[in-house]
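Enquirer: quick one, fold the following:
(2 chains)
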There are 2 protein chains.
Amino acid sequence: MFIRNPRNPLIRPQDVKPSHPDFEIIGTFNAGATSYGDHVILLVRVAERPTYSPNGVLRCPHLTHEGELTITEIRRDDPNYDTSDPRKVENRRMGELLLTSISHLRLARSQDGVHFAVDERPWLFPSTPDEGFGIEDARITQIGDVYCINYTAVSRYGVATALVTTRDFVTIERHGIIFPPANRDVTIFPERINGLYVCYHRPMPAMFGGYNIWLATSPDLKHWGQHKLVLEAKLDGWESGRVGSGVPPLYTEGGWLSIYHAADRQDRYCLGAFLTPHDQPERIIAYSQQPILSPESSYETQGFFPNVVFACGAVSKDNLLRVYYGAADESIALAEIPINTLIDQLTPVASR
Amino acid sequence: MFIRNPRNPLIRPQDVKPSHPDFEIIGTFNAGATSYGDHVILLVRVAERPTYSPNGVLRCPHLTHEGELTITEIRRDDPNYDTSDPRKVENRRMGELLLTSISHLRLARSQDGVHFAVDERPWLFPSTPDEGFGIEDARITQIGDVYCINYTAVSRYGVATALVTTRDFVTIERHGIIFPPANRDVTIFPERINGLYVCYHRPMPAMFGGYNIWLATSPDLKHWGQHKLVLEAKLDGWESGRVGSGVPPLYTEGGWLSIYHAADRQDRYCLGAFLTPHDQPERIIAYSQQPILSPESSYETQGFFPNVVFACGAVSKDNLLRVYYGAADESIALAEIPINTLIDQLTPVASR
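Expert: Model prediction:
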């Protein structure tokens, strides 16, 4: 069983400085995590919106095609627009979309893994046409002395996944879009398997086909192929809406351990886990029949988007796994579990 | 202006033998094309359905998970199923889908490019779980003495793109899924550009983002990345529903010439064309403001899915381009145009 940290939530919107004087922060959540020297580093998704919104007007932040931050104002009573969802505005006639907030990545640092100092400025701010609606949900994978950071790049063209790398969390090298729309929840393995890099990813196909977890391989981290289905959303239960990879796979003696998220058809998000052989990351040999973590605490069941626990990162030391997870799309929380305890909870899969 | 061949349509369902004694052919269309020795080879999409369907029952062909061809029977009056679309059946409760036909690829051969002999047996039949609903819309690209054939692999997991290669159109090597769901209309360039293979592809993102043409690069044809948007569907007019690459790009003196398809919001499919520099295949320098071919002949405006011209392949000799295209999702037709005449029709784009 996971033990929630008594200081949860560790990072809340009011703990962080907006990137712009006219903005307010509505969410600090879904952070990538890694050990770096003696510290834990988080790359936090910070969602912001304009502080000032006159009555009856929605102000949607986004980039222009030239990469400048701008705000499009929509009158709530304009019959051309659907403003019923607090997260987005839809142009009924054109089928076009705007978001009511824009996210960037912010670096937070801690020596004890519980008390975090959050940078005053963004670590990575949206800047390309592919990022016009924001960048979200970083995952960090250390490969040698390089940290690979993939994140969701959102724009009018859909939800894609981009990659950057860094050696020091100061200098950032961009590698562009590695998965075109619609694809997110990419987790890269920390080692090559059979000579190739490996990741899980979660396509979101239009029309039909579920929101399932797939595997891909790469010779260079930039080009991905050999796509194979790994885990399907289920017909009912806690995995009936979608599944998506969460924390980059962790090497354990018994195989690769992955923590993923699943949502049911009411958009309640839980965490699950599965195990694969070291040399066959597409083959699940044990998995969680029930959630390993469900939204139960007040900061998980109440907030911007209630009933969500969503993990993008974890750090481990010896046998202890510390999972940093987004709670209710609003704050960051921590839960811990011994790795062997977690693996013991998993149900073996009959071999295929 | 394109000149339609007077013998159109060149291949019709009644000209081809079903793959199975209990099946009938409902479409022979959307063929990949290449020159091979002195011949023109087409890989035709052949769509089949069970001949026998008792009153009130729909019989949907598909593969089992083990790859065996099977038929699922759905009663038309079963309230759990939506049978209003002749192409598919939807389970209302589960959100699951079946198709009313299954497609495979059939080889057709011609010396004059007009009279085709169609093989009696499939060239490639669906066989993997990713192909459980069929394989569709081949494109053929010759690179050296290898022919790369990508096609749409349809299954309950969505619409993906797979790759096979052959040197002789007899021995086939499979390379698996190169673009995960939902992605189709992949056209591979016949040469490497700046050291990498290049293709256009057409993601179909769920929720938002248009059905647009993107570019990707690859070191090995199996792993693809560096995705960049190339051509967007428009807000209105003949390209307002979707655009997708059609014929693999053709090297011309003035740049790479691509023929693509576009559909409007009434699902009327036309052909367009654009030109890019040899070293910048993501940058359109000239394009067709109006369709270069529209459904006008009776075999294009009437048929299984009316008002469709859809090209997957062409062959060229000297200055003459012969485009083989699917008409009304039912038959294959041929239209010809001098390459310089087609390029002269294109409107230059103001440089960005």
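Enquirer: which residues of chain A fall in helices?
Expert: Applying DSSP state H to chain A gives helices spanning A:298-301, A:339-345.
Enquirer: buried set for the longest one?
Expert: Applying a neighbour-count criterion of 16 or more other Cβ atoms under 10 Å in any protein chain shown, one finds A:Ile339, A:Leu342, A:Ile343, A:Gln345 buried in helix A:339-345. For the C-beta atoms, the positions are set from N, CA and C on the backbone; glycine is no exception.
Enquirer: so how far is A:His261 from the second one?
Expert: When Cβ to Cβ, to the nearest Å is the yardstick, A:Leu342 and A:His261 sit 15 Å from each other.
Enquirer: what's the answer for the first one, then?
Expert: Counting by Cβ to Cβ, the gap between A:Ile339 and A:His261 amounts to 19 Å.
Enquirer: check the last one too.
Expert: Counting by Cβ to Cβ, the gap from A:Gln345 to A:His261 is 17 Å.
Enquirer: so which bits of the stretch 151-300 of chain A are right by chain B?
Expert: Within the stretch 151-300 of chain A, the positions near chain B by Cβ under 8 Å from any Cβ of the partner chain are A:155-160, A:176-183, A:201, A:203-212, A:214, A:216-220, A:222-229, A:235.
Enquirer: just the buried residues from these, in PyMOL please.
Expert: Burial among these is assessed by 16+ other Cβ under 10 Å; the matching PyMOL selection reads:
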select buried, chain A and resi 155+156+157+158+159+160+176+177+178+179+180+181+182+183+201+203+204+205+206+208+209+210+211+212+214+216+217+218+219+222+223+224+225+226+227+228+229
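Enquirer: among the residues of the stretch 151-300 of chain A next to chain B, which are in strands?
Expert: A:155, A:158-160, A:176-179, A:183, A:201, A:203, A:214, A:216-218, A:223-229 (DSSP state E).
Enquirer: ok, the nearest residue to A:Ile143 once chain neighbours are set aside - contacts?
Expert: Of all residues not flanking A:Ile143 in the chain, A:Pro190 sits nearest, at 5.8 Å (Cβ to Cβ, 6 or more residues apart in numbering or on different chains). Applying Cβ atoms under 8 Å, 6 or more residues apart in numbering or on different chains to A:Pro190 gives the contacts A:Thr141, A:Gln142, A:Ile143, A:Pro248, A:Pro249, A:Tyr251.
Enquirer: Throw those into TSV and include neighbour count and pLDDT, thanks.
Expert: Formatted as TSV, those follow (neighbours: other Cβ atoms under 10 Å in any protein chain shown; pLDDT from 0 to 100):
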residue	neighbour count	pLDDT
A:Thr141	25	98
A:Gln142	14	98
A:Ile143	15	98
A:Pro248	27	98
A:Pro249	24	98
A:Tyr251	12	98
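Enquirer: quick check: the residue of the stretch 1-150 of chain A nearest chain B.
Expert: At 4.5 Å from chain B, A:Leu97 is the closest residue in the stretch 1-150 of chain A, using Cβ to the nearest Cβ.
Enquirer: now do the contacts for the closest residue to that residue other than its chain neighbours.
Expert: Nearest residue to A:Leu97 in three dimensions, chain neighbours excluded: B:Phe208, at 4.5 Å (Cβ to Cβ, 6+ apart). B:Phe208 makes contact with A:Gly95, A:Glu96, A:Leu97, A:Arg156, A:Gly158 under the criterion Cβ under 8 Å, 6+ apart.
Enquirer: look up the pLDDT of the closest residue in space to the second one that isn't next to it in sequence for me, please.
Expert: Spatially, and ignoring its direct neighbours in sequence, A:Glu96 is nearest to A:Arg156 (6.7 Å; Cβ to Cβ, 6+ apart). Here, the pLDDT recorded for A:Arg156 equals 93.
Enquirer: same deal with A:Arg352?
Expert: Value listed for A:Arg352 in the pLDDT field: 45.
Enquirer: and for A:Phe208?
Expert: A:Phe208 is assigned a pLDDT of 87 by the prediction.
Enquirer: just give the number of residues close to A:Asn91.
Expert: Neighbourhood size, A:Asn91 [other Cβ atoms under 10 Å in any protein chain shown]: 14.
Enquirer: okay, and the beta partners of it?
Expert: For A:Asn91, the beta-bridge partners are A:Tyr81, A:Glu96 (DSSP bridges).
Enquirer: which residues does the residue of the stretch 201-350 of chain A found nearest chain B contact?
Expert: The minimum distance from the stretch 201-350 of chain A to chain B, using Cβ to the nearest Cβ, falls at A:Gly209 (2.4 Å). Applying Cβ under 8 Å, 6+ apart to A:Gly209 gives the contacts A:Pro203, B:Ser155, B:Arg156, B:Tyr157, B:Gly158, B:Val159, B:Pro181, B:Ala182.
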